[in-house]
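Peer 1: Coordinates only, no sequence provided:
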């Protein structure tokens with residue numbers, strides 16, 4: 001579990017949704033992931049399956065069940081994305097429209113939000129990158145295959161595909177990403193919002209008031225932008241939340 005503040009970058013709509021409705025938005029990963037972001041995990045998965053087959057008398061089709069397509073699959077997985085970096089230009093550009101806001105949260109109050117009768121179970125995890133990701137994914141594949149005498153069950157194969165968003169190419173390492181994931185989403189609870197001219201499915205995730213510690217206003221903000229955040233916090237009943245400004249230069 002992270003023992004430091006985690007940061008969720010968002011735009012003005014995301015910030016107002018968090019403050020007004022006391023919620024974050026777990027977005028559908030299948031609609032967010034760039035193909036190059038998840039290709040690493042899938043390529044490694046295929047490589048390890050081939051190695052397991054080569055070391056045994058089994059073929060690849062014996063190791064991997066034919067009922068489960070061996071392809072990228074993050075459909076039905078929703079996640080709120082965080083980072084340990086609270087003032088990073090790539091995050092401001094990629095997730096907050098170049099300016100926006102970063103919400104500093106304590107993860108511990110968030111991991112219990114799925115305990116209620118009408119709440120989705122959530123799973124927190126840190127994303128692994130590069131060689132570390134390769135080692136962990138290999139270990140996961142090999143351990144599951146070992147349990148099945150080298151022949152992965154349909155259940156274990158599906159679990160491996162669902163876990164691919166945990167592993168990324170080393171070029172993404174500066175993100176230092178954490179995710180709060182919903183693995184078994186109820187389709188009846190899916191909402192929709194516009195994003196970059198398209199429709200993005202998401203699921204509201206409760207944001208306990210004790211979880212929010214900071215709101216950082218993005219690069220280039222003036223004092224009026226900071227004052228507006230402070231006014232919104234007061235209006236929607238958030239106390240003990242520190243507001244500050246990004247120190248990153250942005251052009």
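Peer 2: Structure received. Predicted, not measured: the structure shown is a model, and the values here were computed from it.

Peer 1: drop to CA atoms for contacts and neighbour counts, all remaining ones
Peer 2: OK.

Peer 1: So what's the residue count around residue 189?
Peer 2: Per other C-alpha atoms under 10 Å, the neighbour tally for residue 189 reads 11.

Peer 1: Now do the same for it: its pLDDT.
Peer 2: Residue 189 is assigned 88 on the pLDDT scale.

Peer 1: Hmm, it is touching residue 201, no?
Peer 2: No. Contact criterion C-alpha atoms under 8 Å: residue 189 and residue 201 do not qualify, at 10.1 Å.

Peer 1: ranges for the helices of the stretch 51-200 of the chain?
Peer 2: 60-63, 89-95, 130-147, 154-162 (DSSP state H, counting those that start in this stretch).

Peer 1: In TSV: these, plus mean neighbour count, mean pLDDT and distance to residue 48.
Peer 2: Shown next, in TSV, are those (neighbours: other C-alpha atoms under 10 Å; pLDDT from 0 to 100; distance: least, C-alpha to C-alpha, whole Å):
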stretch	mean neighbour count	mean pLDDT	distance to residue 48
helix 60-63	16	86	10
helix 89-95	18	87	32
helix 130-147	16	90	6
helix 154-162	17	89	12
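
Peer 1: which one of those lies closest to residue 77?
Peer 2: For residue 77, the closest of the helices of the stretch 51-200 of the chain is helix 154-162, at 7.7 Å, according to C-alpha to C-alpha.

Peer 1: which residues touch the closest one?
Peer 2: By C-alpha atoms under 8 Å, 6 or more residues apart in numbering, the list of residues contacting helix 154-162 from outside reads 42, 64-65, 67-68, 70-74, 77, 140-141, 144, 183.

Peer 1: Do you have the strands of the stretch 1-150 of the chain handy? List them.
Peer 2: Remark: strands assigned in the stretch 1-150 of the chain by DSSP state E, counting those that start in this stretch are 6-10, 23-28, 78-83, 101-105, 123-126, 128-129.

Peer 1: Now find how far off-centre the fourth one is within its chain.
Peer 2: So that's strand 101-105. Relative to its parent chain, strand 101-105 has a centroid offset of 15 Å by C-alpha atoms, centre = their mean, to the nearest Å.

Peer 1: swap in the first one?
Peer 2: Shown here is strand 6-10, whose average C-alpha point lies 11 Å from the average C-alpha point of the whole chain (C-alpha atoms, centre = their mean).

Peer 1: between it and strand 23-28, how many degrees?
Peer 2: 80 degrees (axes from the mean of the first three to the mean of the last three C-alpha atoms, to 10 degrees).

Peer 1: Now do the lowest-mean-pLDDT helix or strand in the chain: distance to the chain's middle.
Peer 2: Using mean pLDDT, DSSP states H and E, helix 29-32 stands out as the lowest-scoring helix or strand of the chain, at a mean of 77. Computed by C-alpha atoms, centre = their mean, the chain-centroid distance of helix 29-32 equals 10 Å.

Peer 1: Lovely, talk soon.
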